[in-house]
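Asker: I'd like to go over a predicted model; first the sequence, then the structure.
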Amino acid sequence: MWVYERNYVALMDLFEGLRRDSGTLASAKLQLEMQVIERSRYTTEISLHHSFHNRIPAVPDQSMRVRVYHDAQLAEVVSYQGVDRLLPEYVYPNDEMLHRDEKRQANMLLHEWLSLFKARRKDPERTSNLSNA
C-alpha cells in the first residue's frame with residue numbers, strides 16, 4: 001500500500017536520526033514526540049505522541065506505535081490509542097466498535113499527521129530537537 005511507503009519517507013525526513021535517537025518536533029501549535037522503543041537489524045519500533053497545546057477535555061492526545069521496516073522502506077501503524085495489534089480487517093459490529101478498516105484508517109491518519117508536520121517545517125517558530133535515547 002502506498003501509504004506505508006510515504007509514511008516511511010516522511011518519518012525519515014522528519015526524524016533524521018530515527019535509527020539512533022528519540023526526538024521532538026515542536027512549533028507554536030504542534031508538538032510531536034518520537035521515542036525509539038525497540039531496534040533490530042532491519043526494523044525500528046517507535047512510539048509517536050501528539051500533544052495538543054489547547055487542551056480540550058473531550059479531545060485526548062494522540063499516540064501510536066509504528067514499526068519501521070528499513071529494508072523494505074515501509075512504516076506501519078501497529079497500535080493506536082491503546083488498541084494493540086491492529087488487524088487488517090474487523091467484523092462489524094465488534095466489542096471495541098472498531099471500524100472494518102481500522103488499520104487502514106490509522107495508517108492514513110499517520111500519513112495526514114506527518115504531512116501536517118512536514119508542512120509546518122517551514123514555520124519559523126518550529127524547532128527540531130533530537131536527543132540521544
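Answerer: Cool, the structure landed.

Asker: C-alpha only now, for contacts and for neighbours.
Answerer: Noted.

Asker: just the pLDDT at the spatially most distant residue from the centre of the chain, thanks.
Answerer: The centre of the chain is farthest from one residue, P93, which by CA atoms, centre = their mean lies 26.5 Å away. Looking at P93, its pLDDT reads 85.

Asker: what about it, which SS state?
Answerer: coil (DSSP: H, G, I helix; E, B strand; the rest coil).

Asker: in this structure, which spans are strands?
Answerer: 21-26, 30-39, 43-52, 62-69, 74-80, 83-84, 127-132 (DSSP state E).

Asker: Y4: which of those is closest?
Answerer: Of all the strands of the chain, strand 74-80 sits nearest to Y4, with 5.0 Å by CA to CA.

Asker: any idea how far L114 is from R67?
Answerer: 15 Å (CA to CA, to the nearest Å).

Asker: can you list contacts of the longest helix seen in the chain?
Answerer: The longest helix of the chain (DSSP state H) is helix 102-120. Outside helix 102-120, the residues that touch it by CA atoms under 8 Å, 6 or more residues apart in numbering are 3-4, 6-7, 10-11, 14, 27, 30, 76-78, 80, 86-90, 126.

Asker: show me what counts as buried in it.
Answerer: Buried residues in helix 102-120, counting neighbours by 16 or more other CA atoms under 10 Å, are found at E102, K103, R104, A106, N107, M108, L110, H111, L114, S115, F117, R120.

Asker: got any ranges where this structure has weak pLDDT?
Answerer: Scanning the chain for pLDDT under 70 picks out 19-20, 25-29, 53-55, 122-133.
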